[in-house]
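**Q** model this:
(one chain, ligands or ions: 1)
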Amino acid sequence: MTVEEQVNVINKESHDMSLCLSQEERKKGRGPLLVSQPLTPLKPKEAAKEAEESVIIMEDEEPAVEDASVTEEHSVTNPKKSESVESTSDYMSDTESEGGTVRKRKSSLTETELLAGSTVSDMEMTEEDERRLLEEVPSPARTTTSRTTTSAVVHRLSNVTMSDIEGTVRGRRSSGSSQGTTFTSGTVGSEKTKRRNDQRRRKKERERALEAARGVANRPSSESRISHTVGSKPTGSSKGELVRKLKETGAPDLDILSAVQELKHRKKALEEEIAKVAPKEPEFNRVKMEELLKRRFFFMQSFAIYGGVAGLFDLGPMGCAMKANILHEWRQFFILEEGMLEIDCPVLTPEPVLMASGHVERFSDFMVKDVKSGECFRLDHLIKANLEKISVDKKTDSSLKDECRDMLNKLDGMNVEEMTAILRRFAMKSPTTGSEVSDPCEFNLMFGTQIGPSGDHKGYLRPETAQGMFVNFKKLLEFNQGRLPFAAAQIGDAFRNEISPRSGLIRVREFTMAEIEHFCDPLDKSHPKFSSVSDVLLTLYSACDQMDGNPPKQIPIGEAVKSGLVANETLGYFIVRIYQFLIRVGVDPLRLRFRQHMSNEMAHYACDCWDAEIKTSYGWVECVGCADRSAFDLTQHSKASNTRLYAERKLAEPRTETRMTILPNKAVIGKTFQKDASVLIGKLRAMEQEEVRFLAKEMEVNGEAPVDLGRLGNAAKVFRVTKDMVSFKEAEEKVFVDEFVPSVIEPSFGIGRIMYSILEHNFRTREDDDLRGFFTLPPTIAPVKCSVLPLSGNDEFVPYIKQIRDSLRYAGVSHRVDDSSGSIGRRYARTDEIAIPFGVTVDFDTVNIKPPSVTLRERDSTQQVRIPIAELAETVRDLSDGKLSWKDVEGKYPKFEAQKSEEDRKKAKGEK
Ligand code: AMP
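**A** All right, here's what the predicted structure looks like:
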């Protein structure tokens, strides 16, 4: 079967599955019984390339178990722990966190959960199907089809896990291209062993494919089918839905119970089958990548020569340049394209601001302490790790496993009582000493400090940049000529005293955030540009699907907003923009999803909240939060600061209102309250109509009333206002505008997490040199854009190198010259390690042929063209800015095949 043919099979299988017809119905020519998300068929060329690449991947998969070197190489991926164990390590604390406590926060979801949520549609398998499957199973000479078939079987089995599975397949294929592979191939001891193992593996795969096909064929159909309709709620066949339906129709308890049991068993059996045939997760060698990141100084632990501090990292030259490029793209993508107003506020924040925002009271995680060592562990992480362990333990019975998975799914939405019950039910212990752990207590994550020498002004290092934008709302609105909607943006560092910082840049104590506060009218959350993105298909993991144990679905954002799954257009618009940005900077779209907060997880004032989660070797990690925070923040700051943080909505027709105004008696107030008088007068003037009327009534009845000024300095102040201090006037007024507190939609980006995810998703090794890793970072993000390499140390090259450097500098292209003595291949490999996307080589043709030209090499394909020096700088600049593609360059300049070494040249010239 040719590559093109295989591609057709892939596309056909995908398409067939998207219709999900039972054999019976297909024969009858009926329409689709179940509709799953059809996969976007690969374009023949793209797909051909992917399929071609899968041949290479096949060689890397499932290493020979007998071969010690292979096994060892694979185990290097995660030296101490398996992935689930790795995530287990998340609850470990460092000694510094002693005495700390906890704000209940989200934890990322793992593969186990994803699998737990997998649902499967029944397919009846005929002998014909079986035979066809077998035919597609590879002969030793057709290794590619094996992957195709496996994916096809999985596809047939599951309409739900398909996007994940397909994602994995594609991930593997693309990263295993002829230019390199992400996956660690074992160092196979001998060709013979390799062949033997290959044969065994293929045989196993064939058996599995058949087994899976048979298993499915034998399953009963109809009522237990679990479908996923694009853009709509499950059509009554998900576990939750079915049970709900039975309940609704008043079915006897026994029926409901047996339906649940039946569904559970069948789901589990099918999941096992899927697991058997599903392609493995792309093998990513974190140790290798981390070694490279450290060696080439992208980033490393801070204060390392003093032993390091957990949760603090230094960025080296490559990390700095990469971060600056990500932020540059962010500014272009959001601030420039959306016309946002950027501001820059201090890190040091006075206590009253964070009191009003609720951080002083509530910005905490729950933690438990090892009763013997005093070591602290984040409660949700400890529970997650334990439940994951229990749910994969062979000794755990299947119903407990199901229960654990269910608890894991719901963990993010649990309160402390529910978590404590789980902690105690499973007698969870300290993971380091095995001792008992204390009852959970709360630990505020903010770093407190004093502002000024007197100690009178308590402050904190800001835990987010958002508050700076809220407190500046009035000025920003003025700047925007009083018009809504508008968005403010801020990039800056935030500080959180994490209980257990770990997982590299993923959970740290100081990190850069890029935040947006989009202020809009609560009565109109439409977005003028929404129609331009409404067709964008996103992987959405709704709160409902999390609760029901279903996997995420692919839904166009237009439908998600229309159906009410996503609260409004503006929120939907930003979710898409986040998605587009993340892909632009190098995140793999197949490892990106949006997870909705569950009701308990979401702040009480928020309408809706979605996290952009990226899948890394640490599991699914929240990298961007996107919430509709309603009017909470501005209301709080309005109250606490006695400043009207309002906007106005013009009325279509003016209306007449009877308004009551307070007239403060300044002399009496001044005498009574002295330096605080002006604050009180401000508060009285800023009062809402209801407050004014309430005060007037109190004066009439009691002759006095308390007026709460919130906090003044560090102290709370309530003033006793008496009758002689105020008078009231009522008058008819013509009102032209309605005043309201704007709603806020807040996308909040963690730059470190995004940066780490990009690095993971772009880490590769060359097929012919898997010792050397490299990064396929998009040119816009790459720390350095171009390398300049003289072919050798020949003096004739020197003036050309200078000329090229000058022209690159003039064009603003960052570059590095490597004139060391290594071979050109070796030097290219070095530049690949730091992700330099373009390489220029000066060779003898540069010197000998006029006009002088050089070779220009592209990192990922390693292809080269010959380009005149005069056109070089501009071309590399446009390539680096993403204005020109490598394909454009290949179309314009002649391809270059091989560098002539100095020896070749001498030989050709007959020199010695
Ligand atoms: P939050 O305000 O908690 O929703 O966080 C907003 C974003 O900041 C998250 O999506 C993360 O990308 C990032 N973030 C939060 N906490 C940390 C941390 N401890 N280390 C690194 N990034 C973080």
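
**Q** Check which element follows the helix or strand harbouring Lys802 along the chain.
**A** Following DSSP states H and E, one finds Lys802 within helix 798-811. Following helix 798-811 in sequence order, the next helix or strand is strand 815-817 (DSSP H and E).

**Q** quick one: low-confidence ranges for the stretch 701-850 of the chain?
**A** Within the stretch 701-850 of the chain, the segments meeting pLDDT under 70 span 710-716.

**Q** In it, what residue spans correspond to strands?
**A** Counting by DSSP state E, counting those that start in this stretch, one finds strands in the stretch 701-850 of the chain at the ranges 704-712, 715-722, 726-740, 743-750, 763-766, 769-775, 786-790, 815-817, 838-842.

**Q** residues contacting the residue of the stretch 301-450 of the chain found nearest the ligand?
**A** The minimum distance from the stretch 301-450 of the chain to the ligand, using C-beta to the nearest ligand atom, falls at Gly311 (7.3 Å). All C-beta atoms are positioned from the backbone trio N, CA, C, and that covers glycine. Gly311 sits next to 94, 498, 501-502, 507-510 when contact means C-beta atoms under 8 Å, 6 or more residues apart in numbering.

**Q** If we use 7 Å, what do you get?
**A** With contact set as C-beta atoms under 7 Å, 6 or more residues apart in numbering, Gly311 has these partners: 498, 501, 508-509.

**Q** could you pick out which of those residues are near the ligand?
**A** 498, 508 (C-beta under 6 Å from any ligand atom).

**Q** and the contacts of Gly311 as a markdown table, adding distance to Val679?
**A** Output for the contacts of Gly311, formatted as a markdown table (distance: C-beta to C-beta, whole Å):
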| residue | distance to Val679 |
| --- | --- |
| Glu498 | 37 |
| Pro501 | 41 |
| Val508 | 39 |
| Arg509 | 36 |
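
**Q** Closest to Pro346 out of the contacts of Gly311?
**A** Arg509 (18.5 Å; C-beta to C-beta).

**Q** Can you tell me which residues in the chain are near the ligand?
**A** Going by C-beta under 6 Å from any ligand atom, the residues of the chain near the ligand are 464, 496, 498, 507-508, 511, 513, 622-625, 748, 750, 752-753.

**Q** May I see the buried residues of the helix or strand containing Ile390?
**A** Take DSSP H and E as the rule and Ile390 turns out to sit in helix 379-392. The neighbour-count check on helix 379-392 (16 or more other C-beta atoms under 10 Å) flags 379-391 as buried.

**Q** Single out the residue in the stretch 651-800 of the chain that lies closest to the ligand.
**A** Closest point on the stretch 651-800 of the chain to the ligand, by C-beta to the nearest ligand atom, is Gly750, at 2.0 Å.

**Q** where does Ser641 land on pLDDT?
**A** At Ser641, the model reports a pLDDT of 88.

**Q** Use 44 as the first number from now on
**A** In the new count, where the first residue is 44, that last one comes out as Ser684.

**Q** so how many other residues sit close to it?
**A** Using other C-beta atoms under 10 Å, Ser684 has 21 other residues around it.

**Q** now swap in the one 10 residues further on and tell me
**A** Residue crowding around Leu694 was assessed by other C-beta under 10 Å; the count is 11.

**Q** In three-state terms, how would it be classified?
**A** Three-state assignment for Leu694 (DSSP: H, G, I helix; E, B strand; the rest coil): strand.

**Q** Please put the alpha-carbon coordinates of the strand or helix carrying Gln510 into PDB.
**A** Gln510 belongs to helix 509-514 when assigned by DSSP H and E. What follows is helix 509-514, C-alpha atoms only, in PDB (Å, rounded to 0.1, in the frame of the first residue of the first chain):
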ATOM      1  CA  ALA A 509      -5.100  42.300  37.900                       C
ATOM      2  CA  GLN A 510      -5.600  44.600  41.000                       C
ATOM      3  CA  GLY A 511      -3.500  47.300  39.400                       C
ATOM      4  CA  MET A 512      -5.900  47.500  36.500                       C
ATOM      5  CA  PHE A 513      -9.000  47.600  38.700                       C
ATOM      6  CA  VAL A 514      -7.700  50.400  40.900                       C
END
